[in-house]
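J.: fold the following for me, if possible:
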Amino acid sequence: MTRTRSATLHPHPTAWLTAYLLINAAGSSLPVLLNVTWPAAIDAQLFVAVALASQLILALAVCCLPGWLLGNIKIKPLRALALPSVVTLTTLWWIALLIDARVFHQFGFHLNGLVIGLLLSGRLMEQLGLTTVSCLVAGGVLAGMATLQLLFARWLKHRRIAALPRARWLWVLLPLLPITQGLAIWYDARSRADAMTGLRPIPWLHTATARRHLAKLGWAQEGGRQRQLAGQPSTTAALQYPHQPLQCRAERPMNVLMIVVDSLRHDMLTPAQMPNASQFAAQGWQAEQHYSTGNNTMHGLFGLFYGLPALHTNTMIHHRRGPELLRQLDQRGYQFHLYGGASLQGARMDRAVFAQVAAPLHTAPNDVAQDLRDRYVVNQLAAALRGQPAETPFFGFMLLDSAHAPYAVPADAEHRFLPQARSGDHLKTHRGTDPAPLFNRYRNAVLKADALIGQLLQALDDSGRRDDTVVIITSDHGESFNDLGQNDWGHNGNFSDVQTRVPMAIRWPGRAPAKEPAITSHIDIAPTLLRHLLACSNPPSDHSAGLDLFGPLPPMRPLLVESWTQRAVRVGPRALIVRPYGIEVRDADYRQIPDTTSTAAITAAIIDQMQLLQPISRPSP
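T.: Residues are numbered from 1 along each chain as shown. From the prediction side, this is the model:
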């Protein structure tokens with residue numbers, strides 16, 4: 001009896017943390033719930049609720065962990081820091097949460113490096129309608145919040161009753177995290193976009209996926225069934241894409257053949273390096289300063305098909321929404337021929353670009369050697385082109401993998417550039433590595449890809465469809481061979497010209513050859529095809545951030561580019577890299593220079609592209 005009474009009057013120094021955590025988690029759910037659009041299905045609603053509880057409790061547990069550790073230390077001065085540390089971290093969490101809720105309401109995605117950079121520059125404040133007075137008021141509110149947090153924590157800490165929940169009860173909540181991830185894997189595999197899109201307002205929630213593994217077990221929705229589900233209105237109602245239904249009236253549109261050479265640098269399109277592609281470019285329209293939307297395959301191809309910056313990739317994947325370009329082609333009866341030397345699933349094209357296309361995604365069988373896979377799929381596509389019915393329009397897509405590491409070159413292919421490295425392994429490179437042998441291996445791989453391009457173009461000629469087929473040759477991103485002297489190898493490492501500037505050549509029947517000196521981007525391809533191929537009268541802004549390549553183009557424009565871990569804005573030769581501490585400007589040689597580029601006009605253009613998919617009206621920049 002004495003022991004129980006003592007425990008009641010003198011609780012453990014950290015006994016108050018459990019109640020503090022749970023009450024803050026419940027309170028912090030309110031700003032998130034204001035942004036939640038609940039799914040119609042009961043099971044999906046429960047999933048969103050469990051995911052929200054799991055994420056908030058995890059976040060507050062992180063805020064409370066230092067206090068718990070300090071509170072259990074027997075050194076009295078350190079134990080005194082337990083409460084201030086918890087209050088400080090929790091207040092910072094609330095600040096981030098409230099700003100994030102406002103940003104999500106305005107832009108449709110959460111605080112990230114780009115948003116933080118714009119916040120620090122002051123430009124985002126204007127777009128959010130935050131004046132100096134409102135910022136001072138907000139500062140006062142936050143100071144009051146910190147004071148209330150401190151008073152609340154002290155009240156809990158000195159409460160001498162046994163009503164406080166014990167820390168052991170948190171173990172009951174721990175299964176919420178694996179339950180959330182398990183349900184996310186299941187709903188993703190079953191193409192339950194209603195459940196997955198319900199997660200979007202939950203800040204910084206990342207979910208796992210195992211679609212390919214579950215598909216092998218027959219538990220995942222794949223192929224036509226998956227794409228049929230993606231087209232249901234209930235799964236796309238929350239997505240404002242396009243802003244207006246497209247009005248297209250082409251009576252007999254031409255075919256399209258798109259050839260993408262993975263990792264093809266902009267300086268490879270020369271007669272000596274790529275004789276077939278170079279001759280092709282001389283016969284058509286060629287961009288002299290063309291940029292991809294990313295320095296990796298997924299983000300580069302996203303911009304190419306959607307006409308949108310690649311920061312919207314996950315939004316489209318969650319909504320199972322394919323590009324409007326392919327949807328319009330499908331409505332007009334186009335036959336799709338989709339091939340890749342590497343699996344198109346690896347670039348998540350099955351979940352984004354081709355999410356609503358019922359045609360199969362072809363690649364070479366697993367028993368085909370890596371250096372022969374491109375040749376295999378080119379033969380397959382060439383046969384498909386020769387057998388294509390004359391009365392049916394087609395969209396052909398080929399992703400050649402030859403120029404991607406390890407730069408596989410068959411023994412019977414031409415090895416023009418020597419000496420050549422024995423392998424294309426970037427893990428063996430360092431600052432002192434001589435890049436010439438590895439670069440030569442890459443150039444021989446590009447030469448092999450060019451020979452396959454010539455084979456495809458010849459197959460098109462043999463099919464009799466040359467004069468009614470638009471042919472596009474480009475790349476998803478570039479490739480580095482320590483060109484900058486910064487130990488830069490491969491791609492997805494920086495936003496320099498070497499990794500983001502790519503060739504773009506278009507042969508359009510009836511159009512005279514031309515060279516375009518203005519800055520162009522992958523986001524311009526979809527609006528150009530919709531305008532001139534399908535005679536869509538909508539302005540590009542209804543469905544894209546791009547411009548009509550055959551219309552007037554500004555000599556300079558800001559372009560968002562994406563990597564797996566960060567993003568930047570390309571403005572002419574400069575790259576404005578978004579860091580957590582602000583904007584870092586790099587020149588053409590990728591050396592850091594003083595920030596003289598980030599003007600209000602550039603920031604306004606970036607913010608406008610960030611808001612492209614929002615259904616609410618946007619303020620004028």
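
J.: hang on, residue 395 in a strand?
T.: Yes - note on residue 395: a strand contains this position according to DSSP: H, G, I helix; E, B strand; the rest coil.

J.: what's the local residue count around it?
T.: With neighbours defined by other CB atoms under 10 Å, the count for residue 395 comes to 21. C-betas here are computed from N, CA, C, even on glycine.

J.: quick one: the helices in the stretch 301-450 of the chain, in order.
T.: Counting by DSSP state H, counting those that start in this stretch, residue ranges of the helices within the stretch 301-450 of the chain are 313-319, 324-331, 373-386, 435-462.

J.: let me see the mean pLDDT of the helix ranked longest in the chain.
T.: Criterion DSSP state H: the longest helix present in the chain is helix 42-71. For helix 42-71, the mean per-residue pLDDT is 90.

J.: can you tell which of the helices of the stretch 301-450 of the chain is closest to residue 573?
T.: helix 435-462 (22.2 Å; CB to CB).

J.: beyond that closest one, next helix or strand please.
T.: Later in the chain than helix 435-462, the nearest helix or strand by DSSP states H and E is strand 469-474.

J.: direction included, what does the next helix or strand along the chain from that following strand pair against?
T.: Remark: after strand 469-474, the chain's next helix or strand is strand 480-481, criterion DSSP H and E. Partner strands for strand 480-481, per DSSP bridges, with pairing direction: strand 489-490 (antiparallel).

J.: setting the sequence-adjacent residues aside, check what's closest to residue 502.
T.: residue 475 (4.0 Å; CB to CB, 6 or more residues apart in numbering).

J.: that neighbour - how many residues pack around it?
T.: Around residue 475 there are 31 residues (other CB under 10 Å).

J.: same thing with residue 81?
T.: Using other CB under 10 Å, residue 81 has 16 other residues around it.

J.: phi, psi of it?
T.: Dihedral pair for residue 81: phi -80, psi -10, per degrees, to the nearest 10.

J.: relative to residue 350, how far out is it?
T.: Distance, residue 81 to residue 350, using CB to CB, to the nearest Å: 51 Å.

J.: do the same with residue 537
T.: 32 Å.

J.: the more surrounded of those two?
T.: Set residue 537 next to residue 350 and count neighbours by other CB under 10 Å: residue 350 wins out with 21 against 11.

J.: just the pLDDT for the more buried one.
T.: 85.

J.: hmm, residue 362 and it touching each other?
T.: No - when contacts are counted by CB atoms under 8 Å, residue 350 is not listed as touching residue 362 (11.9 Å).

J.: so what pLDDT did residue 601 get?
T.: In this model, residue 601 is scored at 65, pLDDT.

J.: the one 10 residues further on too?
T.: We have a pLDDT of 72 for residue 611.

J.: same deal with residue 196?
T.: Here, the pLDDT recorded for residue 196 equals 82.

J.: name the residues of whichever helix or strand it is part of that are buried.
T.: Using DSSP H and E, residue 196 falls within helix 193-197. Buried residues in helix 193-197, counted by 16 or more other CB atoms under 10 Å: 193, 194, 195, 196, 197.

J.: dump those to TSV, plus distance to residue 306.
T.: As requested, those are arranged in TSV below (distance: CB to CB, whole Å):
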residue	distance to residue 306
193	17
194	22
195	23
196	19
197	17
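
J.: re the thing from before, surely the residue nearest to residue 502 and residue 503 touch.
T.: Yes - the pair residue 475 and residue 503 passes the contact test of CB under 8 Å, sitting 6.2 Å apart.

J.: overlap of the contact sets of these two?
T.: residue 264 (CB atoms under 8 Å, 6 or more residues apart in numbering).

J.: how about residue 411, what does it touch?
T.: residue 371.

J.: got the phi and psi for it?
T.: phi -60, psi -30.

J.: what does residue 88 give?
T.: For residue 88, the backbone dihedrals are phi -60, psi -50 (criterion: degrees, to the nearest 10).

J.: now it: closest residue in space, sequence neighbours ignored.
T.: In space, and not counting its chain neighbours, residue 88 is closest to residue 146: 8.0 Å by CB to CB, 6+ apart.

J.: ok, the closest residue to residue 488 other than its chain neighbours - contacts?
T.: In space, residue 488 comes closest to residue 480 once its chain neighbours are excluded; the distance is 4.3 Å by CB to CB, 6+ apart. By CB under 8 Å, 6+ apart, residue 480 lies in contact with 488, 489, 490, 491, 493, 494, 496, 498, 499.

J.: okay, which residue is most central for this protein?
T.: Nearest residue to the geometric centre of the chain (CA atoms, centre = their mean): residue 313, 3.9 Å.

J.: that one touches residue 349, doesn't it?
T.: No - here residue 313 does not reach residue 349: they are 10.8 Å apart, not a contact under CB under 8 Å.

J.: overlap in contacts of those two?
T.: Both residue 313 and residue 349 are contacted by residue 298, under the criterion CB under 8 Å, 6+ apart.

J.: mind listing what's buried in stretch 572-589?
T.: Counting neighbours by 16+ other CB under 10 Å, the buried set in stretch 572-589 is 574, 575, 576, 577, 578, 582, 583, 585, 586.

J.: er, stretch 459-472 I mean
T.: 459, 460, 463, 465, 466, 469, 470, 471, 472.

J.: enumerate every residue touching the closest residue to the fourth one other than its chain neighbours.
T.: Spatial nearest neighbour of residue 465, excluding adjacent residues (CB to CB, 6+ apart): residue 255 at 5.9 Å. Contacts for residue 255 (CB under 8 Å, 6+ apart) come out as 393, 394, 395, 396, 465, 468, 469, 470.
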